[in-house]
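Trainee: Take a look and give me a structure for this.
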Amino acid sequence: MSNLDLLDKAFRDHFPATAENELASIDYVSVSQRDGGSYGVVIRLIGWELNADAGVKSIRDVKEQEIYLGLPGLDLATIGRMRELLAAMVRVLEKALTHAEVESLMPHDLVDFGPLKLARSKTVDDFVKAYSVPSRLGRYLPNPA
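Mentor: Reported below is the predicted structural model:
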């Protein structure tokens, strides 16, 4: 299995992220290699409509976007760190996707690979803290940390 396949598996293992109120979700679609150690990650933001009387959930809106992911190298250590970041991202997204403005957002507003640049962030808890600040997903959290 190539390292690109391992990166793809890391995304598939952690996504989708579904809002706690089930009105929105973020799905991973694919990853492809670009020039110079960068990757394109296709992410889909889905808005859902719930019909409580019928017990049916239907798609209201779909937005799909390719998001840039710059990695200095795609070795096993980087993939391991990506797995930690993705677990944290999904944990925070499940809360952030409940925000009232989510239907006006695009996938790139919610999927941020910036915390990978933080040298001290290595664990899921470290990345959750990084994502919870108001300059990242914290602005969409009900009770920002």
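
Trainee: Does the residue of the chain positioned farthest from its centre belong to a helix, a strand or coil?
Mentor: Distance from the centre of the chain peaks at residue 53, with 31.1 Å (CA atoms, centre = their mean). Following DSSP: H, G, I helix; E, B strand; the rest coil, we place residue 53 in the coil state.

Trainee: Which neighbouring elements make contact with the helix or strand harbouring residue 27?
Mentor: Assessed by DSSP states H and E, residue 27 sits inside strand 24-33. Counting contacts by 3 or more CB pairs under 8 Å, 6 or more residues apart in numbering; DSSP states H and E, strand 24-33 is packed against helix 3-14, strand 17-18, strand 38-51. No exception for glycine: its C-beta is placed from N, CA and C like everyone else's.

Trainee: mind listing what's buried in the longest one?
Mentor: The reference is to strand 38-51. Neighbour counts over strand 38-51 (16 or more other CB atoms under 10 Å) mark 39, 41, 42, 43, 44, 45, 46, 47, 48 as buried.

Trainee: same question, stretch 70-78
Mentor: 71, 74, 78.

Trainee: contacting residues for the nearest residue to residue 127 once chain neighbours are set aside?
Mentor: Among residues not flanking residue 127 along the chain, residue 88 sits closest, at 3.3 Å (CB to CB, 6 or more residues apart in numbering). Neighbour list for residue 88: 115, 124, 125, 126, 127, 128, 130, 131 [criterion: CB atoms under 8 Å, 6 or more residues apart in numbering].
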